[in-house]
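>>> A structural model of the following input is requested.
(chains A and B)
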Amino acid sequence: MTSYDAIVVGGGHNGLVAATLLAKAGRKVIVLEAADAIGGAARTEAFAPGFRVSALAHVLNRLHPDVVRDLDLARHGLSLDAGDMPTVALAEDGEALVMHGAYGERLAGASAAEAEAWSGLRAQLFRYAGILKPFLARRPPDLAGLSMGETASLAKAGLALRRLGREDMRDFLRMLLMNVTDVLDEHLEDRRLRGLIAFDAVLGSHLGPRSPTSLLGLYYRLAGEIGGRPGAQALPKGGMGAVTAAIAAAATAAGVIIRTGAIVARIGVDRGRATGVTLADGEEIGAATVVSGINPRTTFLELVGTRAVDTGFVRKLGNIRMKGDAAKLHLALDRLPAFRGVPADALKGRLVIAPSDEHVERAFNPSKYGAFSPEPVMEITIPSLSDPSLAPAGAHVLSAVVQYAPYQLKEGWEAGRPKLQAAILARLEAHAPGIGRSVLHSELLTPADIERRYRMPGGHWHHGELQADQMLMSRPVAGWSGYDTPVDGLFLCGAGSHPGGGVSGAPGLNAARTILARRG
Amino acid sequence: MNDMILPARRAAQDHFRTLRLASPFQPRLEALNRREDWYGWAGYKAPQSLWDEELEFFAIRSQAAVFDLSPMVKYRIEGRDAEAYLDRLTLRDVTKLGVGRVHYTAWCDDEGHVLDDGTLFRLGPDRFRLCCQERHLPWLLDSAIGYDVDIEEETEAVAGLALQGPTSWAVLRDAGFAGSERLKPFDLADFAHEGGSVTISRTGFTGDLGYELFVPADAALSLWDRLFAAGRVHGIRAIGYAALNRARTEAGLIVANADFVTAEHAVRADRVRQPDEIGLGFMIDAEKKGYYNGRRAIEAARRNGTLRHILVGLEIEGNVPAEHAIVYHRGKKEVGLVSAAIWSPTAKRNIAIASLERPYGDTVVDDLWVEIYAMRELRYQKLMKRAKVVPRPFVKLARRTASPPGIF
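Numbers count the residues shown, from 1 in each chain, chains lettered A, B, ... in the order given. Model prediction:
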């Protein structure tokens, strides 16, 4: 039996980040990825001959600066276009509204009064997201036994809060658990802008803009940064797979061994301690440290098995809400689509079809009852505009994240998929007339497909709803939020752990730091 | 529409009209009952005493006493993984429990706090019966995730009787249960009864020679009659809980929610107890191979020395039972509470079971006192009595374990 110091289960970006940091600290590390390619949901894949696309995550907006720095990703081939990637709020009729700079430093297409109001709200939102931001790169506070370090960092957050001043601090606390629509009501009027912000707040969660706490999703989004610019976004050259490739290059340089097609069937436990893993083909690999970058529930209910852990813990894992409510559409187009009312230079940005916050709310309603909206809302990119290598000459790739698409569709996804696709294309046609005729190939990934292809239970890209009750010390479950688990030597490092999903590397970073602090 | 649904619903909801369920033995209990001294036991109507508490106790120690166990909560646990399932659920090593054997065990939540104690009967390689005080179906079912096992509550379907006392085996013999003499303590076997069978185990809650008998509820009355017909010459008597409670106190056995609060019932955070805090530490085997629920917390508490309580046997000077008396160190510092206490007729000692706060009762056992309030003609007389920590059981009877069982 071969042995390593640490085995990382799952070659998603978080697993790779954790593996790299452990290897850089001198550990002998192997990463085992079940699929034939690394990257998990951050991959670039061909979906039609000659057409490639960021398969699930398609916009980079939160890769953590510590990850970029500690892994020296620039040296390992990560190139982020530091240029302006705008966000476009498409209008039902007339001109689109365009956010330029890092999350709307400048607005184009809004009235002067609206731009002024947005500027105030934007500054406020960033101030408040900034209070929460330090928590991203840290273990959630353990309220049962605060260490000196934890107490100090909590005190720092308290201090940051005080520095806001009395009025601002009160407003921060008042707004923390509000819904995004109520906040918009206090500040903005432009339907396009309201629709866009409402969409961003609920993207990737089973919440409507009017659902309590929906503002938290926006804070999570704004706590991300790219190239030192809070709220910025980028389309990585070569697709999201290029980010993973840079992380993998850093891993390999640090001495990490990466194996693909290696399906872990069991995580071995002896007398409460992790001993290694057994692969589906029977091969055994030993290690005193096993780090799981895959789903927390899968890790315990399938790989460890319930026999080595407590019933209460199994109950908590079973109660994690993780039913995805978003689909992913890929279109191979024979020409560049013409979106109405969108300036030519904004087409390479992020296009959002969410005509108003009320429209987003109405799109959410059917998903509560196992149906999708006839008028879904979506976020579109045309990555081939900034990276022509993704499509044949003259042709283009369109990538869209579509809400809402409930995991448990009442009629089943076999029957529902073509209907949802038709509904999405009808919306696209309304904004880009003629796009339907230019479609060469299409691929629609429903939550059921995402679950199957990326081994994400419920097809949920956060590996668990990112809502107030499943954040911080409640993520993945209360009592075990610090990356360690009831099995000694077994750690979690994926999106199911704090702070959550998105291509950030933060869970992997925090897990590695925890492991290294433990035995340092 | 409503005309059809409502009567059906009413019929299905009629259970609330019966505030206390009847045991399968109810007709026989009612016939012997002279006192109307009933209490509620897990939803059933059960006798505190049927004719005379004192004489009922002496029926246990001198004759053959019959106690209706039917209200005890019972689960049938069956399937390919039943052994592995119970091994993870409960403290003791179920892989060491042979077919035809019974052991006393307990089970805990994730924090290692005791949910209940009870007896586990191994009826076959893949078939078990778990008997306990509380209902646990949700916990048992959630614990079954990942196991091929069927769990069903059979409290109502199975009737149980305890037959305890020196002449209990003589009663079985004369009732025609041939082979029952081969039952050693904690053995069980099936015997023919009325075209079916009765499961008899040499177990009990009295510290005496005794047996427990389980039959399908529809065979309950015929079993009762069979025992009483054979037992007439052996002094067979039906008893209530008050007498049993005295016998179990002499035997030093604890009762859930009397001597400790079960974890799911405890409202106050400091009332929950680990096995080591209620005298069940003997069930914990550091070498047990499989994981059991709460093991992590239990071993951590032992390692870190964070156990806060201890359950002890006390012998108290004088002859006034110290029931629910406060225990003091040096007569001043409050260190615990007595949960059960009697003047023991068998030991001729004033005995008690008490929960103390460590180190008292653990490393500090000197200078302990109990404060007894004796009601004497509408005035409390406060008695400060010296208490000594003594081993349990308070009464040890050779006939309990003698094999073959004796004839008295």
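
>>> Flag the shaky bits of the chain, pLDDT-wise.
Reading this off chain A. In the prediction, chain A carries residues with pLDDT under 70 at positions A:81-82, A:519-520.

>>> Switch to chain B, please.
Screening chain B residue by residue with the criterion pLDDT under 70, one finds the ranges B:1-2.

>>> dump the residue contacts of residue 121.
With no chain named, the answer covers chain A. Residue A:121 makes contact with A:183, A:187, A:188, according to Cβ atoms under 8 Å, 6 or more residues apart in numbering or on different chains. (C-beta placed from N, C-alpha, C; glycine too.)

>>> Wait, chain B was what I had in mind.
Taking Cβ under 8 Å, 6+ apart, we find residue B:121 in contact with B:102, B:128, B:129, B:130, B:131, B:188, B:199, B:201.

>>> same question, residue B:217
Taking Cβ under 8 Å, 6+ apart, we find residue B:217 in contact with B:24, B:70, B:156, B:157, B:158, B:159.

>>> Domain-wise, how is the chain divided?
With no chain named, the answer covers chain A. Chain A is divided into the following domains under automatic domain parsing: A:2-42+A:66-78+A:237-320+A:464-519, A:115-189+A:196-222.

>>> was after chain B, sorry
The record's domain split for chain B, according to automatic domain parsing, is B:19-72+B:156-250, B:269-390.

>>> For the closest residue in space to residue A:355 that isn't next to it in sequence, give its distance to residue A:341.
Using Cβ to Cβ, 6 or more residues apart in numbering or on different chains and skipping the chain neighbours, the partner closest in space to residue A:355 is residue A:92 (4.7 Å). Taking Cβ to Cβ, to the nearest Å as the criterion, residue A:92 is separated from residue A:341 by 10 Å.

>>> these two touch, right, residue A:501 and residue A:508?
No - using Cβ atoms under 8 Å, residue A:501 is not in contact with residue A:508, being 11.9 Å away.

>>> which of those two has more neighbours?
residue A:508 (32 against 23; other Cβ atoms under 10 Å in any protein chain shown).

>>> can you confirm that one is in a helix?
Yes - membership of residue A:508 in a helix is supported by DSSP: H, G, I helix; E, B strand; the rest coil.

>>> residues in contact with the residue in the stretch 401-520 of chain A that chain B sits nearest to?
Taking Cβ to the nearest Cβ as the measure, the stretch 401-520 of chain A has residue A:486 as its residue closest to chain B, at 5.8 Å. Residue A:486 is in contact with A:272, A:309, A:310, A:313, A:480, B:296, counting by Cβ under 8 Å, 6+ apart.

>>> Turn those residues into TSV, including secondary structure.
Output for the contacts of residue A:486, formatted as TSV (three-state DSSP):
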residue	secondary structure
A:272	coil
A:309	coil
A:310	coil
A:313	helix
A:480	coil
B:296	helix
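
>>> Hmm, residue A:229 and residue A:126 touching each other?
No - Residue A:126 is not in contact with residue A:229 according to Cβ under 8 Å; the separation is 10.8 Å.

>>> So for those two, which sits in the more crowded spot?
Ranked by neighbour count (other Cβ under 10 Å), residue A:126 and residue A:229 place residue A:126 first, with 17 against 14.

>>> returning to that earlier point: next step: the contacts of residue B:121 restricted to strands.
Counting by DSSP state E, the part of those found in strands is B:102, B:128, B:129, B:130, B:131, B:188, B:199, B:201.

>>> of all those, which comes closest to chain A?
Distances from chain A to the ones in strands among the contacts of residue B:121, taken as Cβ to the nearest Cβ, are shortest for residue B:130 (14.9 Å).

>>> Can you name the residues that contact the closest one?
Listed by Cβ under 8 Å, 6+ apart, the contact set of residue B:130 reads B:74, B:75, B:77, B:86, B:118, B:119, B:120, B:121.

>>> out of everything not next to it in sequence, what's closest to it?
According to Cβ to Cβ, 6+ apart, the nearest residue to residue B:130 is residue B:75 (4.5 Å).

>>> Check residue A:299 too.
Nearest-residue entry for residue A:299: residue A:292, 4.3 Å, with adjacent residues in sequence omitted and distances by Cβ to Cβ, 6+ apart.

>>> I figured that neighbour hits residue A:495, correct?
No - taking Cβ under 8 Å as the definition, residue A:292 is not a contact partner of residue A:495, at 11.7 Å.

>>> Parallel or antiparallel, which strands does the helix or strand hosting residue B:161 pair with?
If you go by DSSP states H and E, residue B:161 is part of strand B:158-164. Strand partners for strand B:158-164, identified by DSSP bridges, are recorded as strand B:64-68 (antiparallel), strand B:210-216 (antiparallel).

>>> To residue A:146, which of those strands lies closest?
Closest approach to residue A:146 among the strands paired with strand B:158-164 (Cβ to Cβ): strand B:210-216, 51.5 Å.

>>> give the contact list for residue A:143.
With contact set as Cβ under 8 Å, 6+ apart, residue A:143 has these partners: residue A:473.

>>> Which residue is the nearest non-sequential neighbour of residue A:343?
The shortest distance from residue A:343 to any residue that is not its chain neighbour, by Cβ to Cβ, 6+ apart, is 6.7 Å, and that residue is residue A:98.

>>> Can you name the residues of the stretch 51-200 of chain B that neighbour chain A?
B:84, B:88, B:89, B:109, B:110, B:139, B:142, B:143, B:145, B:146, B:147 (Cβ under 8 Å from any Cβ of the partner chain).

>>> OK, contacts around residue B:321?
Residues B:341, B:342, B:343, B:350, B:352, B:372 are the ones in contact with residue B:321 under the rule Cβ under 8 Å, 6+ apart.

>>> again, 10 Å this time
Remark: with contacts taken as Cβ atoms under 10 Å, 6 or more residues apart in numbering or on different chains, residue B:321 is in contact with B:246, B:249, B:338, B:340-344, B:350-352, B:372, B:374.

>>> in chain B, which spans are helices?
When secondary structure is read from DSSP state H, chain B shows helices at B:2-12, B:26-32, B:53-62, B:82-89, B:137-143, B:168-174, B:220-231, B:241-250, B:295-304, B:398-401.

>>> so can I have a markdown table of those showing mean neighbour count and distance to residue A:23?
What follows is these, written out as a markdown table (neighbours: other Cβ atoms under 10 Å in any protein chain shown; distance: least, Cβ to Cβ, whole Å):
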| stretch | mean neighbour count | distance to residue A:23 |
| --- | --- | --- |
| helix B:2-12 | 9 | 64 |
| helix B:26-32 | 15 | 72 |
| helix B:53-62 | 20 | 70 |
| helix B:82-89 | 23 | 36 |
| helix B:137-143 | 17 | 39 |
| helix B:168-174 | 24 | 70 |
| helix B:220-231 | 19 | 69 |
| helix B:241-250 | 24 | 62 |
| helix B:295-304 | 16 | 30 |
| helix B:398-401 | 14 | 62 |
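
>>> Tell me which of those lies nearest to residue A:352.
Comparing the helices of chain B by their distance to residue A:352 (Cβ to Cβ), the top pick is helix B:137-143, with 42.8 Å.
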